[in-house]
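**Student:** Structure of the sequence below:
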Amino acid sequence: MPIAAQFLRLIKLLELFELTYNSLSKLIYHLNNIQYLGTRLLSLTDGPQLLLSSKRLIAQEKQNVTVACTATGQPQPSITWSKAVGSLSKDKTTSTNGVLKIYEVTKHDGGTYICKVENILGSATDTALLMVFSRLRFKVRPPQEMTPVTGLTVHLPCVAESELRTTITWTKDGKSSLPVDRNVLEWNTGSPEHQEIP
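**Tutor:** Here you go, the predicted model:
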């Protein structure tokens, strides 16, 4: 190959090498910028976490129930409530800023409620269990008025019903000095002494 042709080929190779080198330098520069921006972005983000105000709730029928779900993360996570079985009643429940309120609960409202927080980095969930019990009610009420005969024994029945343990307290003239946790109070009208019947 003539010397002139070899020289021209060498010049072209040098030009190609220079072009490749410049392109590679630019690529490395951009990659470094991307890595820097990615590091900055990760430092400004955080996966979602949550905290429930209570994970176990007990309520009587007709009571209102409130449970709060607090979320942390960057960007700020969204918060949604759902029920493990069934769906939330639109007429009886509200959810604002992570606070779930259930109004006038019934047995049907009992169950597991799920709070879910979510942002672009992922999601987190936790559950709260609601147990609803029947309201305390009287099965047998003592009479409001009695006119006992002196010397006879008076029986005052009082029976209450609930799914929770009940305590019956008797008072006389505003003083709670009478037996506690008894269904029948027996009183001898001729004596200051009283006797309780289990």
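**Student:** Show me this structure divided up by domain.
**Tutor:** Following automatic domain parsing, the chain resolves into domains at 1-44, 46-133, 136-198.
**Student:** Lowest mean pLDDT across those domains, which one is that?
**Tutor:** Of all those, the segment with the smallest mean pLDDT is domain 1-44, scoring a mean of 57.
**Student:** in the sheet, who's paired with residue 67?
**Tutor:** According to DSSP bridges, residue 100 are recorded as the beta-bridge partners of residue 67.
**Student:** hey, C-alpha coordinates of stretch 81-94 in CSV?
**Tutor:** The C-alpha trace of stretch 81-94 is given here as CSV (Å, rounded to 0.1, in the frame of the first residue of the first chain):
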residue,chain,number,x,y,z
TRP,A,81,-59.6,1.2,55.0
SER,A,82,-61.3,-2.0,54.1
LYS,A,83,-62.9,-5.0,55.8
ALA,A,84,-61.5,-8.5,55.6
VAL,A,85,-64.9,-10.1,55.1
GLY,A,86,-67.6,-8.0,53.4
SER,A,87,-67.3,-4.3,52.7
LEU,A,88,-67.6,-1.1,54.6
SER,A,89,-71.1,0.3,55.0
LYS,A,90,-71.3,3.6,53.2
ASP,A,91,-74.2,4.6,55.4
LYS,A,92,-72.5,3.9,58.7
THR,A,93,-68.8,4.5,58.2
THR,A,94,-66.5,7.4,57.3
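**Student:** Use 46 as the first number for this chain going forward.
**Tutor:** Got it, first residue is 46 now, which makes that one stretch 126-139.
**Student:** what does that stretch contact?
**Tutor:** By C-beta atoms under 8 Å, 6 or more residues apart in numbering, the surrounding residues in contact with stretch 126-139 are 114, 140, 145-150, 154, 156-161, 172. (Each C-beta comes from the backbone N, C-alpha and C, glycine too.)
**Student:** By residue count, what's the longest strand in the protein?
**Tutor:** For the chain, the strand with the greatest residue count under DSSP state E is strand 167-178.
**Student:** In the sheet, which strands lie alongside that strand, parallel or antiparallel?
**Tutor:** Paired neighbours of strand 167-178 in the sheet (DSSP bridges): strand 101-105 (parallel), strand 156-164 (antiparallel).
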